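Asker: Return atomic coordinates for the entry below.
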Amino acid sequence: MFEKLPMRLQFFAEDPTPDPDNDGAPEGTDDGDNGKSEKTFTQAELNDIVKARVNRALKNKQEEIDQAKSEATKLAKMNKDQKQEYKLQQTEKRAQDAEAELARYKMRDTAKQQLIDGGYDNPTDEDIDLIVTDKAETTKERGEAFLKAYNRIKENVRQELLKGKSPRINGAPATAMTKEQIAKIKDPVKRVQAIRDNLSQYEK
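Answerer: Sure, this is the predicted structure:
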C-alpha cells in the first residue's frame, strides 16, 4: 500500500489542462474526435477577417460621409442664395420703413394744423398719432373723420347743456376734467369720451 502511494500522487499531480500552444494530440495523429473538433484559425487568418470587416465598415461610413457632404453642398448653395435674397429684402424693407417714417414725421405738422383749423385746439401727440400715416391722402381722410366725430360729440354735449342736463357717462354724471388731465389719458377711446364729457374746457 505504501509502495503504490507515491505513484498515485504523481498521477494526480500531473496538470490535466492542455498547453494552449498544443492541440493535445501527438504530432502526426488526429485528436480522435472523429470530426467533432471546432474550427481553429491562425493569427494571420484572424487578422485578415478583422481587416476585411474594418474595410467594409469604413467603406460604408465613407459612403455616408460622401452623401452627407453632397447634401451639405446643396444646402450650402441654397442657404447662400436664400441669405442673399433675404439680405436684399431686408435692405429694401429698411429703406421703405425709413421713407415711411420720414413721411409720417413730415405729416405730423400737417395733421396738427388740420385739427386746429377744424376747431380742435391743442391736439396732443396721441391725437395726432391716431390720424397720421405715411400718405397725405390717408392722413387727410383720417383727420376729417376725427373732426367729424369731435364736432358731432361737441354738438351733442351742447344740446344737453341747453336742455339743462349735465353730460353723462353710461348713465352716470360725468366728472369734470382739465385739458391737461384729458391729454394724459393713453386710451384714445377714453380720451375722446373725456373730451366729450368736458367739452366746455375746449370752448374757452
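
Asker: any idea how far E101 is from V192?
Answerer: 26 Å (C-beta to C-beta, to the nearest Å). Every C-beta, even on glycine, is put in place using the N, C-alpha and C of the backbone.

Asker: more neighbours, these two?
Answerer: Taking other C-beta atoms under 10 Å, E101 and V192 do not tie; V192 has more neighbours (18 against 11).

Asker: Give me the distance between that one and T40.
Answerer: Look at V192 and T40: by C-beta to C-beta, they are 100 Å apart.

Asker: hey, which helix or strand in the chain has the poorest pLDDT?
Answerer: Least confident helix or strand, the chain: helix 5-13 with a mean of 45, by mean pLDDT, DSSP states H and E.

Asker: Show me what the next helix or strand after that one is packed against.
Answerer: For helix 5-13, the following helix or strand on the C-terminal side (DSSP states H and E) is helix 43-117. With contacts defined as 3 or more C-beta pairs under 8 Å, 6 or more residues apart in numbering; DSSP states H and E, helix 43-117 has these neighbours: helix 125-131, helix 136-162.

Asker: Save the ones you listed as a markdown table, and put in mean pLDDT, mean neighbour count and distance to V54 too.
Answerer: Listed next are the helices and strands packed on helix 43-117 as a markdown table, based on pLDDT from 0 to 100; neighbours: other C-beta atoms under 10 Å; distance: least, C-beta to C-beta, whole Å:
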| stretch | mean pLDDT | mean neighbour count | distance to V54 |
| --- | --- | --- | --- |
| helix 125-131 | 88 | 17 | 73 |
| helix 136-162 | 85 | 15 | 74 |
